[in-house]
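# Mind folding the following:
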Amino acid sequence: MNKRILIDKEFHFGIGFLNELIDGTGKTLEVIGQEVVHNTASMVPKMMFYSLAYSYKRNQKQIDFSIDDVYDWIDENGGINNGFFNDFLNAFTDSMYKDVPTDNSKKKATVKK
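The predicted structure is shown next:
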């Protein structure tokens, strides 16, 4: 299971979360990726919201929080440059690259004469 406990809450990652995020924001994965880089303070809280909402959905729990609660949790736990915010972003990044095969073979460049 691709999940992480942060600030006593279970955040889910993976394809289910990504579908919730895409459906909820109306943005493509490509646009979301760009906004994570260029508009981090706006996009990451939305990602947190949909990640936790997906966790609640999987656990058949009623969603009892809003995006404003997410903003408060960020402010109360180190802001956007520390703590919870960075821990979530690292967990998300790890989930995107988990079990992705890497090619460690050395390829030789051929030089035409």
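
# If we go by neighbour counts, what in the longest helix anywhere in the chain is buried?
Using DSSP state H to define each element, the chain has its longest helix at helix 40-58. Buried residues in helix 40-58, counting neighbours by 16 or more other CB atoms under 10 Å, are found at 43-56. In short, each C-beta sits where N, CA and C put it, glycine included.

# cool, and stretch 25-44?
25, 27, 32, 35, 36, 43, 44.

# Pick out the residue nearest the middle of the protein.
residue 92 (3.7 Å; CA atoms, centre = their mean).

# That residue is in contact with residue 13, isn't it?
Yes: if you go by CB atoms under 8 Å, residue 92 and residue 13 touch, sitting 6.1 Å apart.

# Residue 42 and residue 35 touch, don't they?
Yes: here residue 42 reaches residue 35: they are 6.9 Å apart, a contact under CB under 8 Å.

# mind checking which helix or strand residue 4 is in?
Taking DSSP states H and E as the criterion, residue 4 maps to strand 3-6.

# Direction included, what does that strand pair up with?
Using DSSP bridges, the strands paired with strand 3-6 in its sheet are strand 9-12 (antiparallel).

# Next SSE downstream of the strand it pairs with?
helix 15-25.

# That following helix to helix 40-58, inter-axis angle?
Between helix 15-25 and helix 40-58, the angle comes out at 120 degrees (axes from the mean of the first three to the mean of the last three CA atoms, to 10 degrees).

# Tell me which residues are up against helix 15-25.
Under the criterion CB atoms under 8 Å, 6 or more residues apart in numbering, residues 27-29, 32, 46-47, 49-51, 53-54, 57-58 lie in contact with helix 15-25.
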